[in-house]
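Undergrad: Predicted model, plus sequence, below.
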Amino acid sequence: MYQVYPRSFADGTGDGVGDLPGLRAHLEHLSWLGVDAVWLSPIYPSPMADFGYDVADYCAVDPLFGTLADLDAVVADAHHLGIRVLLDWVPNHTSDAHPWFQASRSSRDDPKRDWYIWRDPAPDGGPPNNWMRAWGGTPAWTFDEASGQWYLHLFLPEQPDLNWANPEVEVAMHATLRFWLDRGVDGFRIDVVHALGKDPALPDTPADLSPIPHATLNDDPRTHPILRRLRTLLDGYDGDRVMVGEVFLLDTARVATYYGDGDELHLAFNFPPLFAPFTATSWRKQLARVEREVAPVGWPTWVLSNHDVVRHRTRYGGDEARARAAAVLLLTLRGTPFLYAGEELGLAQAEIPPERVVDPGGRDGCRAPIPWDGTPEHGWSTTDPWLPWPPEAERRNVANQREDPASVMHLYRRLLAARRSSPALQDGTMELIDGVPEDVIAWRRRSPGDERIVAVNFGPETVAVDAPLGGVVEVASDGAGEGRLFTGTLGPSSAVLLRPAVTTSPASPGSASLAL
Ligand code: GLC
């Protein structure tokens with residue numbers, strides 16, 4: 001799956017902000033790359049306090065991005081290319097400009113009052129509990145003078161939390177999903193899904209826990225029945241409709257509970273590997289945890305970058321070789337990989353001068369516009385779009401890399417093609433191979449009649465990787481030796497995908513046997 005951050009992907013209307021016509025014009029890139037599905041960060045009408053994660057209408061498109069007809073056209077064209085489309089559904093909170101919240105705040109007696117989480121002041125007049133909102137270092141509560149109560153917002157004050165304990169909220173939110181499913185959308189990425197269920201007592205965060213509310217307290221059991229009902233809703237539709245949840249809990253075992261008994265999320269983001277350093281020791285632990293904690297209950301997911309974190313090329317020290325090795329890792333593990341637009345160019349985090357900062361969460365640097373070509377406008381309508389360009393845009397852009405078979409972009413394409421043609425890589429088993437150097441992780445993927453081996457050298461030295469790592473190099477992170485027998489040597493920060501060598505036995509001409 002490939003994440004598009006619509007503001008930053010491609011500008012089709014000439015205002016320096018990406019939009020749906022821009023995306024539509026560049027679907028061909030996704031098809032060329034070989035992805036199966038695209039997930040769009042929110043495209044709904046929004047005051048953009050959190051760049052669309054503050055939704056004012058769940059069943060429409062913000063004019064900044066285009067029209068409903070533009071979205072329909074994106075879905076139709078994507079389907080024509082064999083690409084599924086997922087939207088981002090933001091159920092934990094709305095915008096404070098949403099008519100539901102406007103009604104809710106209008107008076108204590110409004111029928112929608114209880115659609116949000118309102119509480120009386122604490123005895124000292126302050127916020128009802130000690131929860132802090134994301135980013136600001138300030139309370140997760142805002143006082144409403146007119147009605148004399150506080151409302152809860154785990155994020156910005158402009159993002160009031162919905163009250164999922166109220167059945168009317170659930171009915172209304174289900175209707176928003178049906179609206180898009182009826183239009184042929186293939187599924188949803190569900191924003192901060194672990195925070196939906198809340199203990200109505202809203203207890204203080206214990207002193208020994210991090211005060212970030214959405215990362216700690218809000219793993220409440222009340223979320224699970226909500227997810228089961230969402231699953232039933234999706235299962236009522238034809239085709240493969242999918243939901244992937246942003247379970248922002250930095251504990252893989254807890255993330256795994258969001259698959260339920262196969263009756264909750266289809267896929268859950270597991271962020272601990274994203275925050276792990278790029279070393280063999282730390283990745284061995286991550287792989288073991290996913291194998292132990294997720295694999296028995298659900299299909300794993302893998303992600304290294306998204307619109308909320310520093311791009312992994314930069315996190316891993318900036319070296320392109322390491323970003324290439326990471327691509328081999330990401331695209332050959334057992335599970336569904338998520339790419340974030342621009343990582344296929346090997347983009348690093350953009351430098352944002354203080355006067356250009358726009359995001360209240362400090363995330364602008366990973367949201368820089370995608371450079372499509374080497375002109376001063378990089379395929380946009382202006383040399384100066386809503387955020388500054390990423391580093392090296394004059395040469396690190398889609399057009400240049402498409403012409404260069406040695407580029408990172410071609411590496412991603414070869415890896416995706418290898419995945420597509422190998423049942424073992426798609427859904428085969430995965431087992432680690434022992435006896436490799438300390439800085440290396442090697443594993444075997446296997447399904448009936450198909451087999452692949454992957455080896456990643458996380459370290460700074462060239463290493464010799466002996467048998468049983470034989471086979472033909474199908475993809476190498478540096479492109480070296482592809483199509484030839486593996487030499488057994490891995491350079492610093494490099495990785496290979498090996499397929500069985502087909503040997504023709506002289507004794508029985510014409511018969512082929514697989515040898516690894
Ligand atoms: C999720 C989104 C993030 C957003 C937040 C509030 O973490 O990924 O971008 O700011 O939720 O909706």
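TA: Happy to help now that I have it.
Undergrad: contacts, neighbours, all on C-alpha from now
TA: OK.
Undergrad: Around the ligand, which positions in this structure sit nearby?
TA: Residues of the chain that fall close to the ligand, judged by C-alpha under 6 Å from any ligand atom: Asp50, Tyr53, Asp191, Val192, Asp308.
Undergrad: Closest one of these to Leu345?
TA: Closest to Leu345 out of the residues of the chain next to the ligand is Asp308 (18.4 Å), distances taken as C-alpha to C-alpha.
Undergrad: for the closest one, what are its contacts?
TA: Applying C-alpha atoms under 8 Å, 6 or more residues apart in numbering to Asp308 gives the contacts Arg363, Cys366.
Undergrad: Top of the residues of the chain next to the ligand by number of neighbours, please.
TA: Tyr53 (26 neighbours; other C-alpha atoms under 10 Å).
Undergrad: Would you check that that one makes contact with Pro42?
TA: Yes. Contact criterion C-alpha atoms under 8 Å: Tyr53 and Pro42 qualify, at 6.3 Å.
Undergrad: which two in the residues of the chain next to the ligand are spaced the farthest apart?
TA: Distance extremes for these: the farthest pair is Asp50 and Val192 at 13.8 Å, using C-alpha to C-alpha.
Undergrad: can you list the residues of the chain next to the ligand in TSV and add pLDDT and secondary structure?
TA: As requested, the residues of the chain next to the ligand are exported to TSV (pLDDT from 0 to 100; DSSP: H, G, I helix; E, B strand; the rest coil):
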residue	pLDDT	secondary structure
Asp50	98	coil
Tyr53	98	coil
Asp191	98	coil
Val192	96	coil
Asp308	97	coil
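Undergrad: Need those in CSV (columns: distance to Glu170).
TA: Putting those into CSV (distance: C-alpha to C-alpha, whole Å) gives the following:
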residue, distance to Glu170
Asp50, 23
Tyr53, 19
Asp191, 15
Val192, 16
Asp308, 27
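Undergrad: So what's the gap between whichever strand or helix holds Arg313 and the chain middle?
TA: Taking DSSP states H and E as the criterion, the element that holds Arg313 is helix 312-315. Remark: helix 312-315 is offset 15 Å from the chain centroid, using C-alpha atoms, centre = their mean, to the nearest Å.
Undergrad: Kindly report the same for stretch 129-140.
TA: Distance, centroid of stretch 129-140 to centroid of chain: 25 Å (C-alpha atoms, centre = their mean).
Undergrad: Report the separation between the two terminal residues of that stretch.
TA: 9 Å (C-alpha to C-alpha, to the nearest Å).
Undergrad: mind listing what's buried in that stretch?
TA: Neighbour counts over stretch 129-140 (16 or more other C-alpha atoms under 10 Å) mark Asn129, Asn130, Trp131, Met132, Arg133, Ala134, Pro139, Ala140 as buried.
Undergrad: Check stretch 168-186 too.
TA: Going by 16+ other C-alpha under 10 Å, stretch 168-186 has these buried residues: Val169, Glu170, Met173, His174, Thr176, Leu177, Arg178, Trp180, Leu181, Gly184, Val185, Asp186.
Undergrad: and what of stretch 415-435?
TA: For stretch 415-435, using 16+ other C-alpha under 10 Å, the buried residues are 415-416, 418-419, 422-430, 432.
Undergrad: residues contacting the residue in the chain that the ligand sits nearest to?
TA: The minimum distance from the chain to the ligand, using C-alpha to the nearest ligand atom, falls at Tyr53 (4.5 Å). Tyr53 sits next to Pro42, Ser46, Val90, Thr94, Ser95 when contact means C-alpha under 8 Å, 6+ apart.
Undergrad: which of those residues are buried?
TA: Listed as buried from the contacts of Tyr53 are Pro42, Ser46, Val90, Thr94, Ser95; burial here means 16+ other C-alpha under 10 Å.
Undergrad: count of neighbours near the closest residue in space to Ala165 that isn't next to it in sequence?
TA: Closest residue in space to Ala165, ignoring its immediate chain neighbours: Gly197 at 7.2 Å, by C-alpha to C-alpha, 6 or more residues apart in numbering. Gly197 sits with 21 neighbouring residues when counted by other C-alpha under 10 Å.
Undergrad: pretty sure Gly197 contacts Asn166?
TA: No. Between Gly197 and Asn166 there is no contact under C-alpha under 8 Å: 10.7 Å.
Undergrad: And Asp54, its phi and psi?
TA: Main-chain dihedrals, Asp54, degrees, to the nearest 10: phi -120, psi 100.
Undergrad: Spit out the contact partners of the nearest residue to it once chain neighbours are set aside.
TA: Distances taken as C-alpha to C-alpha, 6+ apart put Ser95 closest to Asp54, at 4.2 Å, once the chain neighbours are dropped. Taking C-alpha under 8 Å, 6+ apart, we find Ser95 in contact with Ser46, Pro47, Tyr53, Asp54, Val55, Ala56, Phe101, Glu158, Gln159, Pro160.
Undergrad: most surrounded residue in the residues you listed?
TA: Within the contacts of Ser95, Val55 tops the neighbour count with 30 neighbours, counted by other C-alpha under 10 Å.
Undergrad: element containing that one, please.
TA: Assigned by DSSP H and E, Val55 belongs to no helix or strand.
Undergrad: Please give me every residue in contact with it.
TA: Val55 neighbours (C-alpha under 8 Å, 6+ apart): Tyr44, Pro45, Ser46, Pro47, Val90, His93, Thr94, Ser95, His98.
Undergrad: Rebuild those residues as a markdown table, extending it with distance to Val294 and secondary structure.
TA: Shown next, in a markdown table, are these (distance: C-alpha to C-alpha, whole Å; DSSP: H, G, I helix; E, B strand; the rest coil):
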| residue | distance to Val294 | secondary structure |
| --- | --- | --- |
| Tyr44 | 33 | coil |
| Pro45 | 36 | coil |
| Ser46 | 35 | coil |
| Pro47 | 38 | coil |
| Val90 | 24 | coil |
| His93 | 28 | strand |
| Thr94 | 31 | coil |
| Ser95 | 34 | coil |
| His98 | 37 | coil |
